[in-house]
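1. sharing a model that was predicted from the sequence below.
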Amino acid sequence: MHDPEPQTADGKVLWHFSMTLDGFVAGPGHSMDWLAGLTNRPGLIDEYIATTGAVLGGRDGWDLAVAAGHRPYGDGWDGPIFVLTHHPEDAVPADGVTFLTCDPAEAVRIGLAAAGGKNLEVLSPTVGRQLLALGLIDEIDLHIAPVLLGEGIRLYDNPGATPIRLHLAGDVDPTSEINVRYRPV
């Protein structure tokens, strides 16, 4: 199976998610319980902790994260978080979190400046879709989980849009498919 090179801190805008095989990054109501019991390759979380300088997210995800007391990568990562929202007045504040009401391109500029040369991780399907449409996503990094949810929040949901072609990172044919094989449990 193709496993890309380790993530690097190149000051890029990185849209990063674990995703189910059927394209969901969260279950109904943004639930993340489907991730329980899944494993990553050894050292993967440390790789992202080391290469992430700042995080840009959306309001729905923030509201759920703060209610559960979560930060990206647990207690291992500490850095600036920016939440793009239309309604900052009723957002729950937290240390290191800035609520932005600007356009998405300005949010990227602010986030990259705060990232200090490391990556700005986009942890929102909605914000990521907007940035992709603006040409501001440098890389999409997905961890495909052996789960079929059937419903929830899709990574990319844009009915009627023109397909966006992507190139596979690494030293393989950039237009090749990735082949995976699973068996139902």
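-> Good, I have the coordinates. Residues are numbered from 1 along each chain as shown.

2. run the chain-centre distance for the least confident helix or strand in the chain by mean pLDDT.
-> When the helices and strands of the chain are scored by mean pLDDT, DSSP states H and E, helix 59-68 comes last with a mean of 80. Computed by C-alpha atoms, centre = their mean, to the nearest Å, the chain-centroid distance of helix 59-68 equals 14 Å.

3. and if you look at stretch 81-89?
-> Mean-position distance between stretch 81-89 and its chain equals 17 Å (C-alpha atoms, centre = their mean).

4. what's the answer for stretch 151-161, then?
-> Remark: stretch 151-161 is offset 14 Å from the chain centroid, using C-alpha atoms, centre = their mean.

5. and Asp33, what is it in contact with?
-> Gly27 (C-beta atoms under 8 Å, 6 or more residues apart in numbering). To be clear about C-beta, it is placed using only N, CA and C from the backbone, and glycine gets the same treatment.

6. phi, psi for it please.
-> phi -70, psi -20 (degrees, to the nearest 10).

7. again with Leu38
-> phi -80, psi 150.

8. and the next element down the chain from the top helix by length along the chain?
-> In the chain, with assignment by DSSP state H, the single longest helix is helix 104-115. With elements assigned by DSSP states H and E, the helix or strand that comes after helix 104-115 is strand 119-122.

9. output the contacting helices and strands for that next one.
-> strand 13-20, strand 52-58, helix 104-115 (3 or more C-beta pairs under 8 Å, 6 or more residues apart in numbering; DSSP states H and E).

10. can you pull out the strands in the protein?
-> 13-20, 24-26, 52-58, 81-84, 97-100, 119-122, 139-145, 153-154 (DSSP state E).

11. show me the shaky parts of the protein.
-> Counting by pLDDT under 70, the chain has low-confidence residues at 1-4, 67.

12. just to revisit the earlier point, which of the residues in the longest helix of the chain are buried?
-> Using 16 or more other C-beta atoms under 10 Å as the burial criterion, the residues of helix 104-115 that qualify are Pro104, Ala107, Val108, Ile110, Gly111, Leu112, Ala114, Ala115.

13. neighbours of the nearest residue to the first one once chain neighbours are set aside, how many?
-> In space, and not counting its chain neighbours, Pro104 is closest to Gln130: 4.6 Å by C-beta to C-beta, 6 or more residues apart in numbering. For Gln130, the neighbour count with other C-beta atoms under 10 Å is 21.
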